[in-house]
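Chemist: pasting the structure only:
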């Protein structure tokens, strides 16, 4: 009799436990949190869970840590401790996702929420899966952080993020609030997206800025997309809404393998846009000082509808874009003659250097389209530390192991020619030139003014003398002379370029041995 009673008590206890679990789980769901959801949708377009559902393939998300409970809270007030983590599939591939929930203490990171974020990072590292942060939070939870018993431990999150860099793609989408911790996550990410007018990020929010410095500034003016995307380049892309942000994640990942041990995903080949391909031979103006849009060159070479430009509004004098060439993912790097004549300044060097690192980490060949008058000069350039930034540009290229091809479209001047992988500077798998190419140490008029200053000043007509000298130099900088000296492999027509690129990539190894000396690491220019 006693045994039967004990069994009934055990069964009752199990039923009660199941009921408690069901109640706790139900408290997490958006449909059971109408007030919190309503508050969220007044400031944003989706909840933390809706973002995951929109991003992942239907029914594939598997949550981890849903039932964690803050020591002083409950499941209803602090569901999942403010961050939804787990794994799901995007276009059939597994990824790791962490989505901050602003309805829980402003999306701040509590003790357990932080542990979940770090666990997600470790899982991405261990299993070789892309790591995606959907950020909408205000950094460390002050209520937890003002206790050295907890805070003195610190988090290993940044250590883990530094270690997975280059192993798996790391993406941060700033969906709303993003001051403090989320900004650091973004800074360690390969690809960062912001929603214009809704998201913002920076080292501290307006309240803390005012308390610490006395400065009063609106959160958007402090860290909105028009600042962090367009002016500073802290984020790669500013989009109009959350749906576009989530689609951008899918598009970005479509070019990359899940980790650096795999090959980039190849898709069926497509011909380039017919109109763009047809106008390729006519894009470069006869006058070297006239501009054109280099994006039209990329459109004439790449598979149709495959181009995904990164940082399009930052450092617009350089273009960096992922695209496909005969179905193969590649990275295009080009000087944009429409801005600063394609001159390389500090922002452009930073932009290109980061892009080279990402492409090289995940196996995308680099295709350089060169039309560069050189590096920016003057006191402004020096104040921007261009000496260091330009070094970073060549540093990343010097460490690259993927195939690289350079095509001189027009100007290949000075050290800018080196920085754009011109000639034999970085052992390109092919070094090519179009008939419109001009390759020399510096601009022709600049060279005439410096080297022949006395002759020009002594002439009866200095302008005519300068033009005469420039024409003499121009006769010596043709692509034919470059090919005669074997500085380039060949001079090819614009409409031959795509096929030439494809053939080179077909025969080039996916990786090359860099033959590094026995060192522990390189020291990157800051």
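Modeler: Thanks, I have the structure now. The structure displayed is predicted, hence computed values, not measured ones.

Chemist: Show me where the stretch 1-150 of the chain dips below the pLDDT cut-off.
Modeler: Within the stretch 1-150 of the chain, the segments meeting pLDDT under 70 span 1-2, 9, 17, 26-28, 71-76, 139-147, 149-150.

Chemist: which residues of it fall in strands?
Modeler: Using DSSP state E, counting those that start in this stretch, the strands of the stretch 1-150 of the chain run over 62-64, 83-90, 93-100, 131-135.

Chemist: nearest to residue 45, of those strands?
Modeler: Proximity to residue 45, assessed across the strands of the stretch 1-150 of the chain by C-beta to C-beta, is greatest for strand 131-135 (12.1 Å). In short, each C-beta sits where N, CA and C put it, glycine included.

Chemist: So what touches the closest one?
Modeler: For strand 131-135, the surrounding residues in contact (C-beta atoms under 8 Å, 6 or more residues apart in numbering) are 48, 51-52, 55, 95-100, 107, 120-121, 124, 164, 168-176, 178, 182, 185-186, 189, 201, 249.

Chemist: just the strands of the stretch 1-150 of the chain: most buried one?
Modeler: Greatest average neighbour count among the strands of the stretch 1-150 of the chain goes to strand 131-135 (a mean of 28), per mean count of other C-beta atoms under 10 Å.

Chemist: so what strands line up beside that strand?
Modeler: Applying DSSP bridges, strand 131-135 is found paired with strand 93-100 (parallel), strand 170-174 (parallel).

Chemist: what angle separates it from strand 83-90?
Modeler: Relative orientation of strand 131-135 versus strand 83-90 (axes from the mean of the first three to the mean of the last three C-alpha atoms, to 10 degrees): 130 degrees.

Chemist: Contacts only, for residue 293.
Modeler: Counted by C-beta under 8 Å, 6+ apart, residue 293 has contacts 336, 337, 338.

Chemist: coming back round to it: is it possible to get CSV of the strands paired with strand 131-135 that adds distance to residue 419?
Modeler: Converted to CSV, the strands paired with strand 131-135 look like this (distance: least, C-beta to C-beta, whole Å):
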stretch, distance to residue 419
strand 93-100, 34
strand 170-174, 26
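
Chemist: Next, the closest residue to residue 511 other than its chain neighbours: secondary structure please.
Modeler: Of all residues not flanking residue 511 in the chain, residue 401 sits nearest, at 4.8 Å (C-beta to C-beta, 6 or more residues apart in numbering). The three-state label given to residue 401 by DSSP: H, G, I helix; E, B strand; the rest coil is coil.

Chemist: Residue 401: neighbour count?
Modeler: If you count neighbours by other C-beta atoms under 10 Å, residue 401 ends up with 14.

Chemist: go on, residue 472?
Modeler: Residues near residue 472, counting by other C-beta under 10 Å, number 12.

Chemist: Distance-wise, check it relative to residue 204.
Modeler: According to C-beta to C-beta, to the nearest Å, residue 472 and residue 204 sit 59 Å apart.

Chemist: circling back: model confidence score at the residue nearest to residue 511, please.
Modeler: We have a pLDDT of 96 for residue 401.

Chemist: cool, residue 183 as well?
Modeler: Reported pLDDT for residue 183: 90.

Chemist: same check, this time on residue 330
Modeler: For residue 330, the predicted pLDDT is 98.

Chemist: In contact with it: list those residues for me.
Modeler: 302, 322, 323, 324, 364, 365, 366, 367, 505 are the contacts of residue 330 under C-beta under 8 Å, 6+ apart.

Chemist: which residue is nearest the middle of the protein?
Modeler: The chain has residue 191 as the residue nearest its centroid, 3.5 Å off, counting by C-alpha atoms, centre = their mean.

Chemist: ok, now how distant is it from residue 180?
Modeler: Applying C-beta to C-beta to residue 191 and residue 180 gives a distance of 21 Å.

Chemist: got it, and residue 34?
Modeler: Here the criterion is C-beta to C-beta. By it, residue 34 lies 29 Å from residue 180.

Chemist: More neighbours: which of those two?
Modeler: residue 180 (20 against 9).

Chemist: quick one: the strands in the stretch 401-526 of the chain?
Modeler: Under DSSP E, counting those that start in this stretch, the stretch 401-526 of the chain gives strands at 404-413, 430-433, 438-440, 490-491.

Chemist: returning to what we had before: how about a markdown table for the strands of the stretch 1-150 of the chain, with distance to residue 288 added?
Modeler: Shown next, in a markdown table, are those (distance: least, C-beta to C-beta, whole Å):
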| stretch | distance to residue 288 |
| --- | --- |
| strand 62-64 | 58 |
| strand 83-90 | 45 |
| strand 93-100 | 46 |
| strand 131-135 | 45 |
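
Chemist: So which of those strands is nearest residue 522?
Modeler: Closest of these to residue 522 is strand 131-135, at 24.2 Å (criterion: C-beta to C-beta).
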